[in-house]
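*Asks:* fold the following for me, if possible:
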Amino acid sequence: VLKTSGDAISTDQPIGKRLNAHSSLLAVTPITPTPAISPTPPIPSENGKIVFSSFPISYSDSEIYVVRPDGSSRAKLISRPSTWDSQSSFSFDGKKIAFVTYDLNGKSSIIIADYQGKLLSTIALSSLPYLSYPLFTPDGNNLIFFGSDETSNDSIYQISTDGNNLKTLIDEPGSAAPYAVSSDGTKLVYILYEGGAGSVSLYQKQGNQQKPIQSQGGGGNTEIYMANIDGTERVNLTNTEDVFEYDPTLLPNGQSIIFSIWNNNYDLYRLDIADRKVTRVTNTPALNENMPSVSPDGTKIVFVSYNTTDYISHIYTMNLDGSNQQQMTSDNTNYDYLGSHAWAIDPEHIPAPSPTPTATSTPIPPTATPTPVPGDINGNNRADLEDFTIWKNEFSQPPTTKTADLNKDGKVDLLDYSVWRNEYGKG
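*Replies:* Below is the predicted model:
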């Protein structure tokens, strides 16, 4: 999933046997559906959008699309003939998309576009001619990405979206690639390839094109790590020998990770961070499921599924426990792929949660001083839908006031929405 160490990397057949031998390390539980995590109140996932890349079997080019979670309103967002654009990722507010573009020599840069497809800026670094896996930080001001130089020295970096302030976050032996940033902006989830002959790759060079095929190296393994957003306090979440874990994506509550494991095919799993419990989500020996992203409300997963006969891949959604799988794309002449953070809210439609009954509180004696309510914007001592309306108006339009800046960082953004959401319905 990191980069190519050769033109062709064969499947290491004993990997599956080693996975079975180390299954106790994974503590994998049966595929019995488990209850979905229910954040409250959620943003309805039906009103979000999913971004993905698609390319024909001729590998002539790769284009960026957006689609609603029910498969409707599919639209071509970025289309540039004979250009390979892929690994698309939404910003947290759904207003921007970052994606990777490759030149004929296999070198790559990152392009930022708005959610309507207008190209805004390009990040190309002479010192790091191979860039991939872009992720926005929650404030939308920075990108975290994988970068490699001509001698294959590679690390995880951060750079501001204007191309300034480049800094190294993760620089370890082996190859590391970023996959998820927590919604509060404090944590980074990445994979690290450790040892063994060969390496793993999402894109392999085929002539003058990059062929998107995930492969396995001989020996070694990949591990999923979590660190502070600045790269400090790194923790190995999986810690399994000779097991290949890929594609970790965080649930919005930051408590669990959805990821894939290779065991002669790809299946999806969920890891609960607190106790390291791993639960299998899919179990389809004839298919491969990988590249997951989670809906903004934390109740659904979007993922890629393909067979190993023709490798034609399609986009699916399902519930968090693996039930209710729905196919979203079906063109058998194209390969469809997801990048990281592929599912975001629709900036043109941010719905309010359904009202819930407000508990009757005991009147406060006149002599008592009310305790400020964190999500209260209009000063009525509770976080309610009137406060949401104020936040929505200031978030979606250039604000003349910033009364909804609940965390006092000078901006009205999704972090302020989280403050209101956590308090909504309590008072």
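*Asks:* nearest spatial neighbour of the residue nearest the centre of the chain, skipping sequence neighbours?
*Replies:* Centroid check for the chain by CA atoms, centre = their mean gives His341 as the closest residue, at 2.4 Å. Closest residue in space to His341, ignoring its immediate chain neighbours: Ser89 at 4.6 Å, by CB to CB, 6 or more residues apart in numbering. (C-beta placed from N, C-alpha, C; glycine too.)
*Asks:* where does that neighbour sit: helix, strand or coil?
*Replies:* Following DSSP: H, G, I helix; E, B strand; the rest coil, Ser89 is assigned to strand.
*Asks:* try Ile111
*Replies:* Using three-state DSSP, the structure places Ile111 in strand.
*Asks:* from the chain's centre, how far out does the lengthiest helix in the chain sit?
*Replies:* As assigned by DSSP state H, the longest helix anywhere in the chain is helix 385-396. Mean C-alpha position of helix 385-396 versus that of the full chain (CA atoms, centre = their mean, to the nearest Å) differs by 26 Å.
*Asks:* with stretch 99-110 instead?
*Replies:* 20 Å.
*Asks:* same thing with stretch 171-182?
*Replies:* With CA atoms, centre = their mean, you get 13 Å for stretch 171-182.
*Asks:* do the same with stretch 278-293
*Replies:* 16 Å.
*Asks:* then stretch 231-247?
*Replies:* 17 Å.
*Asks:* ok, what's across the strand from Val66?
*Replies:* Beta-bridge partners recorded for Val66 (DSSP bridges): Val51, Ala75.
*Asks:* and the pLDDT for it?
*Replies:* On the pLDDT scale, Val66 is placed at 94.
*Asks:* mean confidence score for the helix or strand hosting Ser418?
*Replies:* Using DSSP states H and E, Ser418 sits in helix 414-423. For helix 414-423, the mean pLDDT works out to 77.
*Asks:* that helix - contacts with which helices or strands?
*Replies:* Contacts defined by 3 or more CB pairs under 8 Å, 6 or more residues apart in numbering; DSSP states H and E place helix 414-423 against helix 385-396.
*Asks:* quick one: the helix it packs on to helix 414-423, angle?
*Replies:* Orientation check (axes from the mean of the first three to the mean of the last three CA atoms, to 10 degrees): helix 385-396 against helix 414-423 gives 170 degrees.
*Asks:* could I have helix 385-396 exported to PDB, CA atoms only?
*Replies:* Extracted in PDB, the C-alpha atoms of helix 385-396 (Å, rounded to 0.1, in the frame of the first residue of the first chain):
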ATOM      1  CA  LEU A 385     -32.000  24.200  17.300                       C
ATOM      2  CA  GLU A 386     -31.900  28.000  17.500                       C
ATOM      3  CA  ASP A 387     -28.200  27.800  18.300                       C
ATOM      4  CA  PHE A 388     -27.700  25.300  15.400                       C
ATOM      5  CA  THR A 389     -29.400  27.800  13.000                       C
ATOM      6  CA  ILE A 390     -27.000  30.500  14.100                       C
ATOM      7  CA  TRP A 391     -24.000  28.200  13.600                       C
ATOM      8  CA  LYS A 392     -25.300  27.000  10.200                       C
ATOM      9  CA  ASN A 393     -25.800  30.500   8.900                       C
ATOM     10  CA  GLU A 394     -22.300  31.700  10.000                       C
ATOM     11  CA  PHE A 395     -20.700  28.500   8.800                       C
ATOM     12  CA  SER A 396     -22.200  28.500   5.300                       C
END
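*Asks:* contacts for that helix, please.
*Replies:* With contact meaning CB atoms under 8 Å, 6 or more residues apart in numbering, helix 385-396 is reached by 93, 347, 350, 352-353, 355, 375-378, 380, 401-404, 406, 412-414, 416-417, 420, 424.
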